[in-house]
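Student: Take a look and give me a structure for this.
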Amino acid sequence: MAYRIIRLPEVCAKTGRPKSTLYDLIAKGLFPRPIKIGLRTSAWVDGEPDAINAAYAKGQSEDDIRQLVKELEAARTADRVVRQ
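Tutor: Okay, here's the model as predicted:
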């Protein structure tokens, strides 16, 4: 399966959050970690920011969002994409 990957500026635009907030959420397990696509380059699988936005919009708890993050990250290696 081919994934479209997106870089940080697009992730920030999709989420409406600045870079510092995204990395804070990553540290708390509330946003998927980026994948390395080069020595100094990282990106996200397109659709992951949308799934997190949907979870926040639905009023899901932080524990539910942490579980979603685990599922999204696991889906990368399972060759499937989790849809919210």
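Student: Show me what Ala43 is bridged to.
Tutor: Beta-bridge partners of Ala43, counted by DSSP bridges, are Ile35.
Student: Check whether it really touches Pro34, as I assumed.
Tutor: Yes - using CB atoms under 8 Å, Ala43 is in contact with Pro34, at 6.0 Å. Glycine gets a C-beta too; all of them are placed from N, C-alpha and C.
Student: Mutual contacts of these two, please.
Tutor: Shared contacts of Ala43 and Pro34, defined by CB atoms under 8 Å, 6 or more residues apart in numbering, comprise Leu8.
Student: So, low pLDDT: which residues of this protein?
Tutor: Counting by pLDDT under 70, the ranges of the chain that qualify are 1-2, 79-84.
Student: and the longest helix for it?
Tutor: Of all the elements of type helix in the chain, the one with the most residues (DSSP state H) is helix 62-77.
Student: Check which helices and strands it sits against.
Tutor: Applying 3 or more CB pairs under 8 Å, 6 or more residues apart in numbering; DSSP states H and E, one finds that helix 62-77 makes contact with helix 48-57.
Student: Next, the angle from the helix it packs on to helix 62-77.
Tutor: Counting by axes from the mean of the first three to the mean of the last three CA atoms, to 10 degrees, helix 48-57 lies at 160 degrees to helix 62-77.
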